[in-house]
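A.B. asks: would you be able to build a 3D model of this:
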Amino acid sequence: MRGFALDSPSARGMLLPMNNIIPPSPSPDAPPAMPPTSSGASRIPAAPARPVSRRTFLRHTGSALAAGTFLNLNPSALGANERLVLALIGGNNQGRAVALGAIRDGATIKTFCDIDEAVLSRVGAILGKAQGSDPGAARDFRRVLEDKDIDAVIIATPDHWHALPTILACQAGKDVYIEKPLSHTIHEGHRMRDAARHYNRVVQVGTQRRSSAHFRSAIDYVASGKLGKICLVKAWMCQVRGSIGNPPDEPAPAGVDYDQWLGPAPKRPFNKNRFHYTWRFFWDYGNAELGNQGVHMLDVALWGIQTLRGVPHCLPSRVSGTSGIHWLDDAKEVPDTQVTTFDYGDLALVWELHSFQNHLPIQGTTAGTAFYGTNAALVVDGSGWKVHSQKGQPALSEKPSGGSHTKNFLDCIRSRQRPNADIELGRLSTTLCHLGNICSRLEHDLHFDPKAENFGDDKAANALLTKEYRAPYGLPKT
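C.D. replies: Residues are numbered from 1 along each chain as shown. All right, here's what the predicted structure looks like:
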């Protein structure tokens, strides 16, 4: 496996000349961004800033990257009233929403990068309307990293394309908002976390519930001890996923750089099912519904477990369960039904996926998390939280309340504090998803070492800690 070497013959063929970046139209004067607030501070203490020398950067990324002027060697905090300049990498779905949130919170999207010209045109116009000036357009994310004016990037590519741009962005001195789930493998999560720490970057993972006030108050209630001894935590998703059919392979649409879209994934013909949005139903690109939807509810469950056991002790030692495709006979490779148990010794965490029904949701909600204690139980979802007493009647409740995940990210860029969904927190929640999926794929129980983060003598499971990368898209050294 080798790194993403920009001077390799195959990489040279992918590079676009600098004039393929269309400059943005002039931005009108805008009001200053909101100053940081105390509520945005992370419970994980910030690391001291450590400047990265050009020599150190070049040693780790190779002489090919030296030709780019990517480095912002000054990691000191920006002024509270200084408007932050961002770029969006991947905007077909969630990236568009995150970028619009950043604009609402006072940032400017200078450049929008995507491999699909139709998406560049459509979403670029939406962003331009929202901020009053069109962003520049780029087809190659490395051109974005060369721009010294860009403070941070929003990465909302398919899961198999999360690790490489995140690591390179950290090396380039950019802060990162990376969509959930953090990584495509457990090993990638380690590498991404290590890059963020080594280059002292702010990296926010898109598990937005960490920035919602009512989710935070629910976790505070769990930590208070009022539920008694918590023996069971549950997270679930009930939804109806329709058929995606079995369409044949076909040529890639005009204006799509399909080879770049594949990136580190195995080479194979274009198929519309393995492209926009539905890529997440295939193992080469996504992490199944557990990593797509489930990471949000599991993140809340893990948040509660972290308050009870501490962040260093929040991973399980045993994983078991059952799963399968029990409903539709279409092209999907991932389960539509999944029940997974994560065993902590003194409590159990259970994940349930029903991708075939939402007419009888669990605890009356289609996407929730519940903490069951000896005195009471708490159920929390996007509509608020309720505590149920031993008599089974709601004893306490709280309605949904505000919070902006993008604002927390922008605030932390200025303050250099770690954000609400810091990369290590997002890594741990994503690791739960990987554990559940590995259990499903291998169809046997897993014995997991939560300190070493491996499966001991289980060679089949250890093989899924990482993956093969198609050249030249291997991960760079940090």
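A.B. asks: going forward, measure contacts and count neighbours with C-alpha atoms only.
C.D. replies: Fine.
A.B. asks: counting contacts, what elements does whichever strand or helix holds S121 pack onto?
C.D. replies: In this assignment (DSSP states H and E), S121 forms part of helix 117-131. Identification of packing neighbours for helix 117-131 by 3 or more C-alpha pairs under 8 Å, 6 or more residues apart in numbering; DSSP states H and E yields helix 94-104, strand 108-113.
A.B. asks: may I have it as PDB, with CA atoms only?
C.D. replies: Extracted as PDB, the C-alpha positions of helix 117-131 are listed here (Å, rounded to 0.1, in the frame of the first residue of the first chain):
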ATOM      1  CA  GLU A 117     -20.400  18.900 -13.100                       C
ATOM      2  CA  ALA A 118     -24.200  18.800 -12.700                       C
ATOM      3  CA  VAL A 119     -23.800  18.900  -8.900                       C
ATOM      4  CA  LEU A 120     -21.300  21.700  -9.100                       C
ATOM      5  CA  SER A 121     -23.800  23.800 -11.100                       C
ATOM      6  CA  ARG A 122     -26.900  23.000  -9.100                       C
ATOM      7  CA  VAL A 123     -25.500  23.200  -5.600                       C
ATOM      8  CA  GLY A 124     -23.100  26.000  -6.400                       C
ATOM      9  CA  ALA A 125     -26.100  28.100  -7.400                       C
ATOM     10  CA  ILE A 126     -27.900  27.300  -4.100                       C
ATOM     11  CA  LEU A 127     -24.800  28.300  -2.100                       C
ATOM     12  CA  GLY A 128     -24.400  31.400  -4.100                       C
ATOM     13  CA  LYS A 129     -27.900  32.500  -3.500                       C
ATOM     14  CA  ALA A 130     -27.600  31.800   0.200                       C
ATOM     15  CA  GLN A 131     -24.400  33.900   0.700                       C
END
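A.B. asks: just how off-centre is that helix within its chain?
C.D. replies: 22 Å (C-alpha atoms, centre = their mean, to the nearest Å).
A.B. asks: kindly calculate the angle that that helix makes with helix 94-104.
C.D. replies: Between helix 117-131 and helix 94-104, the angle comes out at 20 degrees (axes from the mean of the first three to the mean of the last three C-alpha atoms, to 10 degrees).
A.B. asks: following element in sequence after helix 117-131, please.
C.D. replies: strand 136-138.
A.B. asks: what mean pLDDT does that following strand have?
C.D. replies: For strand 136-138, mean pLDDT is 98.
A.B. asks: for stretch 302-321, same thing?
C.D. replies: On average, stretch 302-321 scores 98.
A.B. asks: all further residue positions should be reported with the first residue as 18.
C.D. replies: Sure, I'll start counting at 18 from here, so that last one is stretch 319-338.
A.B. asks: thinking again about what came up before, quick check: buried residues in the helix holding S138?
C.D. replies: E134, V136, L137, V140, G141, I143, L144, G145, A147, Q148 (16 or more other C-alpha atoms under 10 Å).
A.B. asks: just the mean pLDDT for that helix, thanks.
C.D. replies: 98.
A.B. asks: run through the residues that contact the residue nearest to G223 when sequence neighbours are not counted.
C.D. replies: Nearest in space to G223, with sequence neighbours left out and distances taken as C-alpha to C-alpha, 6 or more residues apart in numbering, is E196 at 4.5 Å. Residues near E196 by C-alpha atoms under 8 Å, 6 or more residues apart in numbering: Q111, G112, I171, I172, A173, T174, V222, G223, T224.
A.B. asks: can you list those in CSV and add pLDDT and distance to V404?
C.D. replies: Shown next, in CSV, are these (pLDDT from 0 to 100; distance: C-alpha to C-alpha, whole Å):
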residue, pLDDT, distance to V404
Q111, 95, 32
G112, 97, 35
I171, 98, 36
I172, 98, 37
A173, 98, 35
T174, 98, 38
V222, 98, 28
G223, 98, 27
T224, 98, 23
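A.B. asks: among the helices and strands packed on helix 134-148, which is the most enclosed?
C.D. replies: Greatest average neighbour count among those goes to strand 125-130 (a mean of 27), per mean count of other C-alpha atoms under 10 Å.
A.B. asks: and it, what other elements does it pack with?
C.D. replies: strand 102-106, helix 111-121, helix 134-148, strand 153-155, helix 158-162.
A.B. asks: now what about the longest one, what contacts it?
C.D. replies: It refers to helix 134-148. Against helix 134-148 from outside (C-alpha under 8 Å, 6+ apart): 108-109, 113, 116-117, 120, 125-126, 129-131, 150-152, 154, 272-273.
A.B. asks: quick one: low-confidence parts of this structure?
C.D. replies: 18-98, 409-411 (pLDDT under 70).
A.B. asks: which one's the longest strand in it?
C.D. replies: strand 247-255 (DSSP state E).
A.B. asks: can you list the buried residues in that strand?
C.D. replies: Using 16+ other C-alpha under 10 Å as the test for burial, strand 247-255 gives I247, L249, V250, K251, A252, W253, M254, C255.
A.B. asks: quick one: S414 and S400 touch, right?
C.D. replies: No - the criterion here is C-alpha atoms under 8 Å, and S414 misses it with S400 at 10.5 Å.
A.B. asks: that older thread, can you list the helices and strands packed on strand 125-130 in CSV and add distance to T483?
C.D. replies: Formatted as CSV, these follow (distance: least, C-alpha to C-alpha, whole Å):
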stretch, distance to T483
strand 102-106, 24
helix 111-121, 26
helix 134-148, 31
strand 153-155, 30
helix 158-162, 24
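A.B. asks: looking at the ones you listed, which is closest to P264?
C.D. replies: With C-alpha to C-alpha as the criterion, P264 lies closest to helix 134-148 of the helices and strands packed on strand 125-130, at 21.6 Å.
A.B. asks: about what we covered before: could you export the buried residues of helix 134-148 as JSON lines, including distance to K243?
C.D. replies: Listed next are the buried residues of helix 134-148 as JSON lines, based on distance: C-alpha to C-alpha, whole Å:
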{"residue": "E134", "distance to K243": "54"}
{"residue": "V136", "distance to K243": "50"}
{"residue": "L137", "distance to K243": "51"}
{"residue": "V140", "distance to K243": "47"}
{"residue": "G141", "distance to K243": "49"}
{"residue": "I143", "distance to K243": "47"}
{"residue": "L144", "distance to K243": "46"}
{"residue": "G145", "distance to K243": "49"}
{"residue": "A147", "distance to K243": "45"}
{"residue": "Q148", "distance to K243": "46"}
